[in-house]
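Undergrad: Everything below, folded, please.
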Amino acid sequence: MELSAWLTPAILIAVTALLLRSMSRVEERLGARIDEVNKSLGARIDETNRRLDGIDNRLRTVEHGQARLEGLMDGLREAISGRRPAA
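TA: Predicted coordinates for the structure are as follows:
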């Protein structure tokens, strides 16, 4: 039997195995990188949500203070004008 009859399939099998192994490594590295980015993105989203919650709480405090101030100003206007507060 001729050597080339065995050599060509052997080379094809070796190259295919090398390519498959290489693709498998790339897939593993890509999967690890995706997981890493996912964790990082999740942490950033959590931090953004915490910051938004803080801003929301401060906004509510400001709105409450504004409503209180508006009530005080209405009372002051009524006191200055001599009118009774509306019931």
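Undergrad: Which strand or helix spans the spatially most central residue of the chain?
TA: The residue lying closest to the centre of the chain (CA atoms, centre = their mean) is I45, at 3.0 Å. Assigning secondary structure by DSSP states H and E places I45 in helix 3-81.
Undergrad: The residue nearest to the centre of the chain and R60, how far apart?
TA: Remark: distance between I45 and R60 (CB to CB, to the nearest Å) = 22 Å. Bear in mind the C-beta positions are built from the backbone N, C-alpha and C, glycine included.
Undergrad: and the helix holding I45, what other elements does it pack with?
TA: Counting contacts by 3 or more CB pairs under 8 Å, 6 or more residues apart in numbering; DSSP states H and E, helix 3-81 is packed against no other helix or strand.
Undergrad: so how far is it from its chain's centroid?
TA: Per CA atoms, centre = their mean, to the nearest Å, the displacement of helix 3-81 from the mean C-alpha position of its chain is 2 Å.
Undergrad: Give me the pLDDT value at L3.
TA: We have a pLDDT of 69 for L3.
Undergrad: now R83, what's its secondary structure?
TA: Under DSSP: H, G, I helix; E, B strand; the rest coil, R83 falls in the coil class.
Undergrad: what's the neighbour count on it?
TA: Neighbours of R83 under the rule other CB atoms under 10 Å: 9.
Undergrad: how far away is it from M73?
TA: Relative to M73, R83 is positioned 14 Å away (CB to CB).
Undergrad: Alright, that wraps it up for me.
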